[in-house]
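Engineer: Need a 3D model of the sequence below.
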Amino acid sequence: MNKKLLVITILAAMFLATSSGTAFSKPIALPEKTLESTFVPKNIFYVSCDKKLLNKESIVAEYAQGTLFNGIQEAIDAASAGDLVFVLPGTYEEAIILKEGVYVVGSGYDNTKIDATGINTEYAVMGASYSVLQGFHIKNVSETASVIKLNKVRNMKILNNMLVGQANYGIHMQSSAFNLISGNVIGFADDSFEDVSLAHGIYLHGSSYNSVTKNKILSNQWAAILGHYAPNTQIHYNLIARRQLDGGSSSHGAIYFVNCNNASLVHNTIICEDSGTATPAGGLVIYFSQGCTMLNNISLGTRYGVFLDGNSQLSASYSTIFSEDLINGEHVKVGEGSVFNEGLEVSYENPMVNKETGKLFSGSPCIDAAKVIDFNDPDNTTPEIGAFYYSGDSKPMESNAIE
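Structural biologist: Numbering: from 1, shown residues only. Below you'll find the model as predicted:
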């Protein structure tokens, strides 16, 4: 077979060993919703922690036309730009450094794990420009570490991973631009918000023109998304939550921007629950940032739905802002340059969105209330404000953005 004819979505399979370890009979394909259909790898490098497979390298090479490795880093080191490293299910106890232009794809975060606990106190995965990281459950429990770290990286894609651990950051991006973070679960495994300890979900520092879309992002100490000097950041179609329920004194919001001009927030559901005493704490907190826009968002804050200092500018429309508590009689604090215009609803109470899941209750003013910018809902009605699609009282609430 000519490997150049392989198309990633119909990848010719690897074969698993039978119980006797002498034959390969079950094909393994890449997970659905994977890489671009036009991507054709120059070479394919397979990784397995199953020693039965490692003993049959010649058979694997014959049928899958690839090379089999025991560790992910070994395969990355052997690969070059345009190659694919495909990782079979298992737990890989290593920290890895990606290589420019190499695609590293797991078999899905339910069964392909990278655990850097006790191995690296700085990162579990170090990114690289023009690379792809997809389909892994990645863990690092060092409190000073990042699960994924990018430093001077451009055009990397972080797709469909689950990031957990007692790390300082889920993703730490430093001096990086034009990267995509999409489809990831950062900080929690499900809507229960249990057993979470990431201090920050995503930290963008000195980084511009990055896109954060279709993720579930949670922090339980500081900010779910923290931006310092991160202009032109796009935050679209995410569930973003900060839950500090232990009475701490930090002042961060679910989204906390400082010097982040021209930030764009579209179709997010933003939740900040904070039992501490610090102010401000809110769904969206912005300092020293001009030209920011907010369209079709829900922002719920224990203190403020939205907080801006006097040096910031925000244009918000078709958004619903809730605040559970009142501080000095205010639930939305805005800077002088802020513009809140059509389609905006403000409330002191929150009867319309489930703060545990971010999904909408029946009768919410957010249903069929968004400004149409990309597409209608699957039932061909006007989209909902926020990240979730509401399909009616008798049907489950689904997300047209978060999968």
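Engineer: make it CA atoms for all contacts and neighbour counts henceforth
Structural biologist: Fine.
Engineer: Ala241 against Tyr256, yeah?
Structural biologist: No: using C-alpha atoms under 8 Å, Ala241 makes no contact with Tyr256, being 11.5 Å away.
Engineer: For these two, indicate the residue with more neighbours.
Structural biologist: Remark: of Ala241 and Tyr256, Ala241 carries more neighbours, 33 against 24, as counted by other C-alpha atoms under 10 Å.
Engineer: show me what contacts that one?
Structural biologist: Applying C-alpha atoms under 8 Å, 6 or more residues apart in numbering to Ala241 gives the contacts 217-219, 224, 254, 270-273.
Engineer: tell me the pLDDT at it?
Structural biologist: pLDDT recorded at Ala241 is 83.
Engineer: Give the buried subset of the contacts of Ala241 as a ChimeraX selection command.
Structural biologist: Restricted to buried positions by 16 or more other C-alpha atoms under 10 Å, the ChimeraX selection for those reads:
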select :217,218,219,224,254,270,271,272,273
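Engineer: just the contacts of Ala241 now: which is nearest Tyr390?
Structural biologist: Ile270 (16.7 Å; C-alpha to C-alpha).
Engineer: Assign a three-state SS to the closest one, would you?
Structural biologist: strand (DSSP: H, G, I helix; E, B strand; the rest coil).
Engineer: Tell me if I'm right that it and Met294 touch.
Structural biologist: No: counting by C-alpha under 8 Å, Ile270 stays clear of Met294, with 11.6 Å between them.
Engineer: Dump stretch 297-306 to PDB, restricted to CA.
Structural biologist: Provided in PDB are the C-alpha atoms of stretch 297-306 (Å, rounded to 0.1, in the frame of the first residue of the first chain):
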ATOM      1  CA  ASN A 297     -22.800  35.200  26.700                       C
ATOM      2  CA  ILE A 298     -24.200  34.200  30.100                       C
ATOM      3  CA  SER A 299     -22.100  35.600  33.000                       C
ATOM      4  CA  LEU A 300     -22.900  34.600  36.500                       C
ATOM      5  CA  GLY A 301     -20.900  35.900  39.500                       C
ATOM      6  CA  THR A 302     -21.300  35.500  43.200                       C
ATOM      7  CA  ARG A 303     -20.400  39.200  43.500                       C
ATOM      8  CA  TYR A 304     -20.400  40.600  40.000                       C
ATOM      9  CA  GLY A 305     -21.600  39.200  36.700                       C
ATOM     10  CA  VAL A 306     -19.200  41.600  35.100                       C
END
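Engineer: hang on, the earlier thing: same list (the contacts of Ala241) but as JSON lines, adding pLDDT and distance to Lys355.
Structural biologist: Formatted as JSON lines, the contacts of Ala241 follow (pLDDT from 0 to 100; distance: C-alpha to C-alpha, whole Å):
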{"residue": "Ile217", "pLDDT": "89", "distance to Lys355": "14"}
{"residue": "Leu218", "pLDDT": "82", "distance to Lys355": "13"}
{"residue": "Ser219", "pLDDT": "77", "distance to Lys355": "15"}
{"residue": "Ala224", "pLDDT": "88", "distance to Lys355": "15"}
{"residue": "Ala254", "pLDDT": "87", "distance to Lys355": "13"}
{"residue": "Ile270", "pLDDT": "88", "distance to Lys355": "9"}
{"residue": "Ile271", "pLDDT": "84", "distance to Lys355": "7"}
{"residue": "Cys272", "pLDDT": "81", "distance to Lys355": "9"}
{"residue": "Glu273", "pLDDT": "75", "distance to Lys355": "8"}
